[in-house]
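# Just a sequence and a predicted model for now, questions to come.
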Amino acid sequence: MSVAHAERHERETEPAPRAGRAQPRIGIIGAGPSGIAAAKSLRAAGFKDIVLFERNREVGGNWIFNPKPSHSSVFETTHIISSKSLSQYEDFPMPADYPDYPGHEHLRRYFQDYARHFGVEPLIRFGTEVKRVEPAGGTWRVVLDGGETQTFDRLLIANGHHWNPRMPSYPGAFAGEMLHSHDFKSAKQFAGKRVLVIGGGNSACDIAVETSRVAGRTCISMRRGYWFVPKFMMGLPTDVLHQKLMLKFPKPIRQTMMRMTLKLTQGSNRLYGLQEPEHGPLEAHPTLNSELLYFIRHGEIHPKPDIKRFDGHTVHFADGTAEEFDAIIAATGFVTTFPFLDRAIADYSGNEVRLYLKIFHPRHENLYFIGLFQPLGCIWPLADYQGRLVAKHIAGQWGRPSNIDAAIDREMAHPDYAWTKSVRHAVEVDYHAYRARLIKELGGRHAF
C-alpha cells in the first residue's frame, strides 16, 4: 500500500466530526504573517469567535524592524531571499511597484494591508503576551501577562521560530563583543573594527557583506561547505527561473542541472577559499546571495574555516591559523521554542518535529501549529494553505488520519530531499512539493 493510499484509507475509516456544532472559540498566538493568514481562513470559513494575541503593537511579527534588540531579527538593510512573486499570498498580490526582493518596510506595510483587507486587524489584541498555555478538560487555558485567563476550544500557535537565538559554544573565552545575528541591527556600530561572522547561511552572508562596507576587516567562518545561489539568473529571480524551468524535470536531474549551472557561472568554492559542500544542491537550505563571492574576490571579506578555540581577542581556527577580532557576530540559527507550553506537549528544539503535515499535533486534536516549517522558498503562502486546512478540520470537512503517529512516521521517512542531518533542517520542506500536498488535502487547486 502506498503512503498516499494508506493515509487516505486511514482518514476514510475515521468518523467525521459532527456538523452543525456551536461556534467554537478559537485562539491564535501571534499576528505575524502566519497568524494573520490563518485568521483570514478561519473568518472565510464562517468562524466568528476568533482572538489573536500579539506581543507587538502592530501587525508584522519578525518583519517589524526595531533599531534596538527586540523580538524581531531583521536588520536595517534586510530584504527577503525569495522573490515577491513566490512570497506573496496568492489571494493578495504585492503592489506592482514593489521590487523583486522587497525590504522589511515593504513587508511590514504589506502584512498590515493584508490584515486590514481581510478584516483580521479588529480580532487582534496588541501588546499582549501569552505567558502560559495548558490543557483544561478538552479546551485550552491561556494565561496572559497581567494574569488574565482566557479559554479556547481550539488553539493555533503561530509565534514563529526565528526569534530565540542558538549561540555556538567553543573552548576558551572571547574578550571582545559577541552577539547573535538576532541582535544585529546595523553595520554602523562596527565601523573600523575587526569583525568575524560565524555561519554560512543567508543571515551570515548578508551580515558579512554589510559589515565589510564599514569594518576595518571582515572575516567569515564556516564549518562546512555551502551552495551559494545568486538572486538573479538569466534576468529572472532565481526561484522564478527554478519554477519555470527546473520543475519540469525529476529531482535528480534538477539537482544535476543546478550543480552544473552554479559550477559554470561561479566555479568551485575552492576558488574563493571556501569549503566544497558535501551535500548535493537542494539537500540543505540554500544560501541566496549575489554579493558574498564578489566581495571575497575583491578582498573585502576573508573566509576562515571552523573555530577551534577563543583566547582573549584571538580566535584560533581549525587550519592552525589565528587572528585577533574586536567583535564576533554568530549567525548560528535559532532554537524552536514555545516558552508558554509545557515541554511534554511540544518540545521541538531538536532534530524531530512530530506534527502531521507540519500542522497537526498527534495527541491534541484541537492544537495546531502554523508556520512551523522552513521551505526552500517562502513560508507565508504555505502558511495560508495550512490555515485553510485547519479551517476545514475545525468545520468537520476534513479528518486527520486515524493512526496519526504512523502517518507522521511515514511523512518523516519520506522527506522532499535527503536533507542534511541538523537541527536546522528538522522542519525543512520543498516549497512546491509541500504546496502540492496541502492543495491535495484541500481537494484540488480550485477548491477555494
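Received, thanks.
# residue ranges with poor pLDDT in this structure?
1-21, 351, 417-426, 445-448 (pLDDT under 70).
# can you map out the helices along it?
Under the criterion DSSP state H, the chain contains helices at 3-13, 33-44, 104-117, 202-212, 238-244, 251-266, 292-297, 380-394, 404-413, 431-442.
# now those helices as a markdown table including mean neighbour count?
All C-beta spots, glycine's among them, are computed from the backbone N, C-alpha and C. Formatted as a markdown table, those follow (neighbours: other CB atoms under 10 Å):
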| stretch | mean neighbour count |
| --- | --- |
| helix 3-13 | 14 |
| helix 33-44 | 26 |
| helix 104-117 | 19 |
| helix 202-212 | 25 |
| helix 238-244 | 19 |
| helix 251-266 | 14 |
| helix 292-297 | 18 |
| helix 380-394 | 24 |
| helix 404-413 | 15 |
| helix 431-442 | 18 |
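# nearest to Asp306, of these?
Closest to Asp306 of these, according to CB to CB: helix 202-212, at 13.2 Å.
# Which strands or helices does that closest one pack on?
The contact analysis (3 or more CB pairs under 8 Å, 6 or more residues apart in numbering; DSSP states H and E) places helix 202-212 against strand 194-198, strand 217-221, strand 287-288, helix 292-297, strand 301-304.
# Spatially central, which residue of this protein would that be?
Gln374 (4.3 Å; CA atoms, centre = their mean).
# isn't that residue right up against His285?
Yes: if you go by CB atoms under 8 Å, Gln374 and His285 touch, sitting 6.4 Å apart.
# For His313, find the nearest of the helices of the chain.
Closest of the helices of the chain to His313 is helix 202-212, at 16.9 Å (criterion: CB to CB).
# Give me the residues contacting that closest one.
73, 75, 77-78, 81, 181, 184, 187, 190, 195, 197-198, 218, 220, 222, 228, 285, 287-289, 291-292, 295, 300-301, 329, 331 (CB atoms under 8 Å, 6 or more residues apart in numbering).
# Apply 7 Å and report the result again.
77, 81, 181, 184, 187, 190, 195, 197-198, 218, 220, 287-289, 291-292, 295, 300-301, 329, 331 (CB atoms under 7 Å, 6 or more residues apart in numbering).
# quick one, that helix and strand 217-221 angle?
Angle of helix 202-212 versus strand 217-221, following axes from the mean of the first three to the mean of the last three CA atoms, to 10 degrees, is 160 degrees.
# tell me the angle helix 202-212 makes with strand 194-198.
Using the same axes, to 10 degrees: helix 202-212 against strand 194-198 is 170 degrees.
# Residue numbering should commence at 548 henceforth.
Taking 548 as the first residue, the last one we looked at is helix 749-759.
# then helix 749-759 to CSV, C-alphas only?
Below are the C-alpha coordinates for helix 749-759, written out as CSV (Å, rounded to 0.1, in the frame of the first residue of the first chain):
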residue,chain,number,x,y,z
ASN,A,749,21.6,33.7,4.5
SER,A,750,21.9,35.9,7.6
ALA,A,751,25.6,35.2,8.0
CYS,A,752,26.5,36.1,4.4
ASP,A,753,24.2,39.2,4.4
ILE,A,754,25.8,40.5,7.6
ALA,A,755,29.3,39.8,6.4
VAL,A,756,28.6,41.8,3.2
GLU,A,757,27.1,44.7,5.2
THR,A,758,29.9,44.9,7.8
SER,A,759,32.6,44.7,5.2
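# ok so, going back, got JSON lines for the helices of the chain, with distance to Leu691 too?
As requested, these are arranged in JSON lines below (distance: least, CB to CB, whole Å):
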{"stretch": "helix 550-560", "distance to Leu691": "36"}
{"stretch": "helix 580-591", "distance to Leu691": "16"}
{"stretch": "helix 651-664", "distance to Leu691": "21"}
{"stretch": "helix 749-759", "distance to Leu691": "31"}
{"stretch": "helix 785-791", "distance to Leu691": "39"}
{"stretch": "helix 798-813", "distance to Leu691": "46"}
{"stretch": "helix 839-844", "distance to Leu691": "43"}
{"stretch": "helix 927-941", "distance to Leu691": "22"}
{"stretch": "helix 951-960", "distance to Leu691": "30"}
{"stretch": "helix 978-989", "distance to Leu691": "31"}
